[in-house]
Structure formats: C-alpha cells, structure tokens
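Sequence first, then the predicted structure:
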Amino acid sequence: MKKTKIAIFVIITFIITAVFPIAVKADFGPKPFVEVEINGMDNISYTVTLIAKYPRGPGITYEDWLKIEDPYIEYHPIMEYVDDDGYMWVGNHFELVGSTNFTWGYYPPNDFKILILTDDGKYYVSEVLNRYAFASYFEIDLSNVLAGDKNFPGMIKIVKRSYKITREVIGFTIRLIATIAVELGIAWLFMFRTRKDIKVILIVNIITQVLLNGMLNITSYFQGAFSAIFLLVFLEIIVLLGETIFYTSYFKNNRIKAAIYGVLANIVTFGLTLVLFSLELNFL
C-alpha cells in the first residue's frame, strides 16, 4: 500500500510539473469577443461598429483620435456619431458588403449598441445590448427595418442572441459517452469484468465525468476555451487522484493493478477529452 501511494504521488507530481508552464502563460490566452451576424443587406455597402459610453482597453473616442492623430485609423463619418444616451464610437469599425458577420475580438465594450451607416448615409441602431458570455453571439435582420438619418436612425428592434447551445450539448454528450466507454474498455483489459466491478466503475465515472465535462462547458461559456482547458488539467488531476485512491481501496486484493488502472484510464480519457473538445470548437 505504501509503494502504491508513493507511485501515485510521483505520477501526479510529474503531471503538475509538466503542465506548470500552462499556468504561467494563462494570462496570454484569447480575450472575450463579440460576433454579430447581419442579415437583410443584400449587396449594400456599409460600415458597422459597436458604440458605447466608454472605450475599453486600448480603445479611444473620436475626441481622443483628434488629439493624437492616430495614423493607423483613417477618418470615417461613423466616428463622429454620438446619441442622446452618450453612446459613441470607441475605437473600432468594420466596412462590409452584404449580409455577413463581423467580430470585435479585442476588448469589446460590455454594454453597447450596434450602429450601421450605409455608404449612401442611412443609419441603423439597436437598443442597448450586453456581453453575456466569453463569446457573445448576436444576430440581426435589417430586411424589414426602415432606415433613418444621423439624428433619427432606423431602430433595429429584434436582436437575437445566437450562442451555439446545440454545439455545447452535442459536444458534452459525445465527450461523456466516449470517456466513459474508454474507461470501461480499459477496465475490461485490466480484467475488472464482474458485473459488480463494471457497475462500480460505471457509477464512479458517470459522477466524475459529468462533473468534469459540465465544468468544462460552464468555464468555456463564461471564460473561454483556453481557461476551460487550463481548468481541465487541474480537474483531471483531482479526478485521477480521487478515482485512483477509491479503486485501490475498493479492489483490496489488486491494489497495484487498480492504481495503475486509475492512472492510465484517466490519462487516456484526459487526452481524449482534449481532442474531442478541440474538434467541437473547430467543426461543430
């Protein structure tokens, strides 16, 4: 038993040492962003921005731009827009054509309105919106919105949050089923084959994998995929330690084999979870 604990300690220490560089670089990961899908513009050319009361991060106002004469930002009429609520241009805008989308990927405002200015001088503006997640998706349709001028812009009344919930559900389900199936398969290879053994391993994995994958989704929603993966590393270490200790206690006649199974199964499923989570982000 003493040798088993020492072996577990050495393995866990090695894993923590291996992932420590990730913790050091955590501050350099992706930043929150806002993505807006614009429909109903056909082949119209226009400029769009998120207007806010205050800029964030490196953002600047039009007055700031006039003072510093930023050579990287060319003048555009949308920069002068200020509404009665004090919402104004805060350092970024996008020139687009037709129905498409844009992403404000570096310090987007927390509270904002979507402002659109067409090349022929027509204005559209939304009501106040809020960033609701690390990746905040919105969808607007201008096909039935009457355009206005600078003082009385056309109101975009329907703005849909379009976060990819379906992707989250599908990804969670696939990861959960796959990781449990793999751990049961490895248990079979380790000769843990009785109905009672399989039942115990199944229950343990349902509990740990539901909690682990649930935290992965929740963290990804609020903090982004990078933070989720960073958290996953440490949660997996906790799960590995907990499951291994439990298995060595439960399988009293095969403690060493149970310890090796607990460590190996969790290392394999950790790698599998990373692969599936990456595929989810890129393809679902």
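Here it is on my side, so go on.

Would you map the strands across the chain?
For the chain, the strands defined by DSSP state E cover 33-39, 45-51, 94-97, 100-104, 111-118, 123-126, 129-130, 135-141, 154-156, 159-161.

Redo those strands as TSV? Include distance to Ile68.
(Each C-beta comes from the backbone N, C-alpha and C, glycine too.) Rendered in TSV, the data for the strands of the chain read as follows (distance: least, C-beta to C-beta, whole Å):
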stretch	distance to Ile68
strand 33-39	25
strand 45-51	19
strand 94-97	21
strand 100-104	21
strand 111-118	22
strand 123-126	27
strand 129-130	28
strand 135-141	29
strand 154-156	32
strand 159-161	33
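
Out of those, which is closest to Glu183?
Evaluated with C-beta to C-beta, the strands of the chain place strand 135-141 nearest to Glu183, the distance being 30.4 Å.

related to what we said a few turns ago, as TSV, the strands of the chain with mean neighbour count, distance to Phe270 and mean pLDDT would be great.
Compiled in TSV, the strands of the chain are given as follows (neighbours: other C-beta atoms under 10 Å; distance: least, C-beta to C-beta, whole Å; pLDDT from 0 to 100):
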stretch	mean neighbour count	distance to Phe270	mean pLDDT
strand 33-39	19	28	96
strand 45-51	21	38	98
strand 94-97	15	39	97
strand 100-104	17	31	96
strand 111-118	21	38	98
strand 123-126	21	43	97
strand 129-130	16	35	96
strand 135-141	19	24	95
strand 154-156	16	45	94
strand 159-161	13	32	88
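
Relative to Tyr261, which of the ones you listed is closest?
The minimum distance between Tyr261 and the strands of the chain falls on strand 135-141, with 37.5 Å, by C-beta to C-beta.

how close does the residue most central in space within the chain get to Ile218?
In the chain, the C-alpha closest to the average C-alpha coordinate belongs to Gly224, at a distance of 3.1 Å (C-alpha atoms, centre = their mean). Here the distance between Gly224 and Ile218 works out to 12 Å (C-beta to C-beta, to the nearest Å).

ok, now Thr194?
As judged by C-beta to C-beta, Thr194 and Ile218 stand 36 Å apart.

same check, this time on Gly98
From Gly98 over to Ile218 the distance is 36 Å, taken as C-beta to C-beta.

swap in Leu281?
For Leu281, the distance to Ile218 equals 15 Å [C-beta to C-beta].
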